[in-house]
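Engineer: below are the sequence and a predicted model; questions follow.
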Amino acid sequence: MTDLLKLIRTLAWLAFAAAIYQELRKPPEARTWTGKVGGVVPYDFRVPTLDRLRDAYWAPESDEIFSEKVFGVGWAVNVPVAARKLSEILSQYAESSAALRRRASRRDEP
């Protein structure tokens, strides 16, 4: 498990360094400090705003769990959507578990 955490941490630092390098390669007037490393991992080094924070972490009308991070490299978790999806998964598990228990109890009856 610690090896996996070290790998994730190393990849995060590499993505951070690549994002900085990617921006510094551009002419100063073309630097936006936002984009994607390798066309996949989003980065944003602009000063966060309240609207961007809300859009990244609290957008209940969206269906996406992950959004682009407000500051730094990687993704943000849309909390209400994640909670809704987790609730759906847990209720499906509870219903399936109850159905299995009912079937098992019927088999045990004489």
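Structural biologist: All right, it came through fine.

Engineer: okay, buried residues for stretch 46-64 please.
Structural biologist: For stretch 46-64, the neighbour count (16 or more other CB atoms under 10 Å) marks Arg52, Asp55, Ala56, Tyr57, Ala59 as buried. Where C-beta positions appear, they are placed from N, C-alpha and C, glycine not excepted.

Engineer: only the buried residues of the helix or strand of the chain with the lowest mean pLDDT, if you could.
Structural biologist: For the chain, the helix or strand with the lowest mean confidence is helix 79-108, at a mean of 89 (criterion: mean pLDDT, DSSP states H and E). Of the residues in helix 79-108, Val81 count as buried by neighbour count, 16+ other CB under 10 Å.

Engineer: among the buried residues of stretch 46-64, which are in helices?
Structural biologist: If you go by DSSP state H, these have Arg52, Asp55, Ala56, Tyr57 in helices.

Engineer: quick one: mean pLDDT over the helix or strand where Ala19 lies.
Structural biologist: Assessed by DSSP states H and E, Ala19 sits inside helix 2-24. For helix 2-24, the mean per-residue pLDDT is 96.

Engineer: mind giving me the packing neighbours of whichever helix or strand comes after that helix?
Structural biologist: As assigned by DSSP H and E, the chain's next helix or strand after helix 2-24 is strand 34-37. In terms of contacts (3 or more CB pairs under 8 Å, 6 or more residues apart in numbering; DSSP states H and E), strand 34-37 is packed against helix 2-24, strand 41-44.

Engineer: tell me how far stretch 38-49 lies from the chain's centre.
Structural biologist: Remark: stretch 38-49 is offset 14 Å from the chain centroid, using CA atoms, centre = their mean, to the nearest Å.

Engineer: how about the helices and strands packed on strand 34-37 in JSON lines, adding mean neighbour count?
Structural biologist: Putting those into JSON lines (neighbours: other CB atoms under 10 Å) gives the following:
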{"stretch": "helix 2-24", "mean neighbour count": "12"}
{"stretch": "strand 41-44", "mean neighbour count": "20"}
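
Engineer: could you dump those to a markdown table with distance to Phe71?
Structural biologist: Below are these laid out as a markdown table (distance: least, CB to CB, whole Å):
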| stretch | distance to Phe71 |
| --- | --- |
| helix 2-24 | 12 |
| strand 41-44 | 6 |
